[in-house]
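> could you look at this predicted model? Sequence included:
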Amino acid sequence: METIPKADCEKVGFFRKTHGVFGELVLDFEPHFEASVENADRFFVELEGLLVPFFLLEDGFRFKTDITAIITFDGVDSE
């Protein structure tokens, strides 16, 4: 199984907490990544040491503050 090497990736932030009970997450990101996270259609999340792609719903991104956003991944609909 091939994976994306972590050395080829850059950490943009972290998930602060869940937002509600329908699968939304609060993403806390570095300010200089604002344009990148706003235009992203997927995020790679580290799970058990592997980078796993999660795709955003079409309307699954909205800013909460200048450095946080509420995101919803396709196929994730609960806590």
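Good, I have the coordinates.
> which parts of this protein are helices?
For the chain, the helices defined by DSSP state H cover 34-39.
> residue ranges with poor pLDDT in it?
Applying pLDDT under 70 to the chain flags the ranges 1-2.
> how far away is the residue nearest to the spatial centre of it from residue 18?
By Cα atoms, centre = their mean, the mean C-alpha position of the chain lies nearest to residue 43, the distance being 4.8 Å. According to Cβ to Cβ, to the nearest Å, residue 43 stands 15 Å off from residue 18. (C-beta placed from N, C-alpha, C; glycine too.)
> got it, and residue 40?
Distance, residue 40 to residue 18, using Cβ to Cβ: 19 Å.
> residue 29 too?
Residue 29 is 17 Å from residue 18, where distance means Cβ to Cβ.
> now swap in residue 12 and tell me
Where residue 18 is concerned, residue 12 sits at a distance of 19 Å (Cβ to Cβ).
> the more surrounded of those two?
Per other Cβ atoms under 10 Å, whichever of residue 12 and residue 18 has more neighbours is residue 12, with 17 against 13.
> excluding its backbone neighbours, what's nearest residue 66?
Closest residue in space to residue 66, ignoring its immediate chain neighbours: residue 31 at 6.7 Å, by Cβ to Cβ, 6 or more residues apart in numbering.
> just the strands in the protein please.
13-19, 24-29, 42-47, 50-63, 68-73 (DSSP state E).
> of all the ones you listed, which one is nearest residue 35?
strand 24-29 (10.7 Å; Cβ to Cβ).
> if we can go back for a sec, and for the residue nearest to residue 66, the neighbour number?
Counted with other Cβ under 10 Å, residues neighbouring residue 31 total 8.
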